[in-house]
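1. Quick one, fold the following:
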Amino acid sequence: MTALHWKLVIDCSDPHAQAAFWAAALRYREEDHSALVEQLLGAGAVPADQTATVHPGTPEERLGWRTLAAVRHPDDPLDPVSGAGLGRRILFQQVPEPKTVKNRLHVDVHAESGARDTEVTRLEGLGATVLRRVAEQGGSWVVMADPEGNEFCVQ
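-> Below is the predicted model of the structure:
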């Protein structure tokens, strides 16, 4: 049997800000869906209100989906038509309700050996917050929150 292809989907209020944060945090690439968006707009297949200008006023300015953004591992292949990653990928989708409880699923970020504190400082500079430091018999890690309050751990 062939393993299934998958992606992690995270609900959020601002998918493009979350994608920018996580791309920087993981050193991933933000997916560029502009070619597909432009093609579908040109064909009249999607209304303009379903799109957004991503990173307006910057060299990275492009069209994207209003309620969706994604990041992908830089070494993984991507679909040349849609710009979607075909490997390790996180999709951020806009939802109307705010986060209200602790995540039931979270990301563990593994820093290089001896570099956890440096990585935590770098992530704070990107907008993450330290929630607590944990030291137990099985190991130690730092619990952080991304800019929308989603918990993740740095080991």
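
2. State whether residue 19 is indeed within a strand.
-> No: Residue 19 sits outside any strand when classified using DSSP: H, G, I helix; E, B strand; the rest coil, being helix.

3. tell me the pLDDT at it?
-> Confidence at residue 19, expressed as pLDDT, is 98.

4. residues touching the residue lying closest to it once chain neighbours are set aside, list them.
-> Using CB to CB, 6 or more residues apart in numbering and skipping the chain neighbours, the partner closest in space to residue 19 is residue 69 (3.7 Å). Every C-beta, even on glycine, is put in place using the N, C-alpha and C of the backbone. With contact set as CB atoms under 8 Å, 6 or more residues apart in numbering, residue 69 has these partners: 15, 16, 18, 19, 30, 31, 54, 91, 92.

5. Make CSV from these and add neighbour count to it.
-> Converted to CSV, these look like this (neighbours: other CB atoms under 10 Å):
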residue, neighbour count
15, 24
16, 21
18, 24
19, 25
30, 21
31, 24
54, 23
91, 18
92, 26
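
6. Narrow those to those in helices?
-> 15, 16, 18, 19 (DSSP state H).

7. got the contact list for the third one?
-> Applying CB under 8 Å, 6+ apart to residue 18 gives the contacts 10, 12, 69, 92, 146, 147, 148.

8. The residue nearest to residue 19 pairs with what?
-> With DSSP bridges as the criterion, residue 69 is bridged to residue 92.

9. Give me the pLDDT for residue 6.
-> Confidence score, pLDDT, at residue 6: 86.

10. what sits against it?
-> Under the criterion of CB under 8 Å, 6+ apart, residue 6 has no neighbours.
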